[in-house]
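>>> Sequence and computational prediction follow.
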Amino acid sequence: MGEDVNHTVITRHCSSAVRGVLCAAVLAAVPAAATPAPALEPVAHAGRAAVVSDYYEDAEGKTGAELKKALHGIISAGVTPVSYDKVWDALATTDADPDHPGNVTLLYTGRSQPAGEHGGGSGQWNREHVWAKSHGDFGTSTGPGTDLHHLRPADVTVNSVRGNKDFDNGGDPVDGAEGNYSDGDSFEPRDQVKGDVARMILYMAVRWEGQDGFPDLEPNDKVDNGSAPAIGRLSVLKAWSQEDQPDKAEKDRNEAIYGIQGNRNPFIDHPEWVESIWS
């Protein structure tokens, strides 16, 4: 990016005079690097809370449909789209395994695998659209099909089992993916990522509201949605989000995507907003 990312991310939201004093204080606490910082240097923890608070300023005090509308405006502004070809490189950063440099952590299996071992073969990983791209038929052109907030590395075989199924509880165990279950019309991920999956789906419903020639994506409370721009089961997704709260890995991923794509998943920063919108 050519300049210190800590300052870039903070300064992005420091345009108004009202924010000037806060941002000046945060910037003073995060010194500029003498040499260009790595492209995806995480935001300093000391300034993160202030950045998040400022980012959602226009959503303060809102609930329900008004909150959803405000969040749509916030997370749609200042976005730097990523091409589908570049998603491979982006996921090598957003889903990097901190304990094994050069590896990514796969969503459904939790397996750590070298980032370069991607493709379509057995034992490799590929790009999982958590909001299945056939649900709305948006493909992989730059837009919802390349939105990093719902794209994750997944084992090729397990990804094929999930296919374009909706999410729900129950089914038969998935071979090679302990804790995952699947039946004819739904898929249940392992407990450790149930909340992650729910928050990715709900982010997509707020981010993609029918503009720019793309479909209006909405969750509903059924499965077997086919090609409709909908995914269920909403009641189950809400329960998963409540039971599996954002952990450090999910929060760090949100920061990494903010550095690449320029927007955040509000339900990672504010899990309580799930119930506020979908009560």
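Sure thing, it's come through. Nothing here was measured: the structure is a model prediction, and the numbers come from that model.

>>> C-alpha from now on. contacts and neighbour counts both.
Noted.

>>> How much space separates residue 269 from residue 255?
Going from residue 269 to residue 255 by Cα to Cα, to the nearest Å gives 10 Å.

>>> which of those two has more neighbours?
Taking neighbours as other Cα atoms under 10 Å, residue 269 and residue 255 compare with residue 255 leading, 23 against 17.

>>> in the helix or strand that contains the more buried one, what counts as buried?
Assessed by DSSP states H and E, residue 255 sits inside helix 248-261. Residues of helix 248-261 classed as buried by neighbour count (16 or more other Cα atoms under 10 Å): 250, 252-261.

>>> Likewise for stretch 169-178?
169, 174, 177.

>>> Need the distance between the two termini of it.
End-to-end for stretch 169-178, by Cα to Cα: 15 Å.

>>> what sits up against that stretch?
Stretch 169-178 is contacted from outside by 108-109, 158, 161, 179-183, 186-188, 190, 236, using Cα atoms under 8 Å, 6 or more residues apart in numbering.

>>> In helices, which of those appear?
158, 161, 236 (DSSP state H).

>>> Same list (those residues) but as CSV, adding pLDDT, distance to residue 222 and neighbour count.
CSV is the format used below for the ones in helices among the contacts of stretch 169-178 (pLDDT from 0 to 100; distance: Cα to Cα, whole Å; neighbours: other Cα atoms under 10 Å):
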residue, pLDDT, distance to residue 222, neighbour count
158, 98, 23, 21
161, 98, 19, 17
236, 98, 10, 18
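
>>> and of those, the nearest to residue 220?
Residue 220 lies nearest to residue 236 out of the ones in helices among the contacts of stretch 169-178, by Cα to Cα, at 10.2 Å.

>>> Roughly how far does that closest one sit from residue 134?
To residue 134, residue 236 is 21 Å away according to Cα to Cα.

>>> for residue 203, same thing?
Distance, residue 203 to residue 134, using Cα to Cα: 17 Å.

>>> Can you check the pLDDT for residue 226?
Listed pLDDT for residue 226 reads 95.

>>> In this structure it contacts residue 137, no?
No: the criterion here is Cα atoms under 8 Å, and residue 226 misses it with residue 137 at 10.0 Å.

>>> what about residue 274, neighbour count?
Residue 274: 22 surrounding residues under other Cα under 10 Å.

>>> Same check on residue 212?
Residues near residue 212, counting by other Cα under 10 Å: 8.

>>> if I look at it, how far off is residue 143?
9 Å.

>>> cool, residue 149 as well?
11 Å.

>>> When these two are compared, which one has more neighbours?
More neighbours surround residue 149 than the other of residue 149 and residue 143, with 24 against 18 (other Cα under 10 Å).

>>> OK, contacts around that one?
For residue 149, the contact set (Cα under 8 Å, 6+ apart) comprises 200, 203, 254, 257, 265.

>>> between the residues you listed, which is closest to residue 94?
Among the contacts of residue 149, and counting by Cα to Cα, the member closest to residue 94 is residue 257, at 6.4 Å.

>>> what about the helix holding residue 255, distance to the chain center?
Put simply, helix 248-261 sits 8 Å off its chain's centre (Cα atoms, centre = their mean, to the nearest Å).

>>> all strands for the stretch 51-200 of the chain, in order.
Secondary structure of the stretch 51-200 of the chain by DSSP state E, counting those that start in this stretch: the strands cover 103-105, 112-114, 125-129, 151-155, 166-167, 172-173, 181-182, 186-188.

>>> Using CSV, lay out the ones you listed together with mean pLDDT and distance to residue 218.
Listed next are the strands of the stretch 51-200 of the chain as CSV, based on pLDDT from 0 to 100; distance: least, Cα to Cα, whole Å:
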stretch, mean pLDDT, distance to residue 218
strand 103-105, 98, 28
strand 112-114, 98, 32
strand 125-129, 98, 15
strand 151-155, 98, 17
strand 166-167, 98, 12
strand 172-173, 98, 27
strand 181-182, 98, 22
strand 186-188, 98, 17
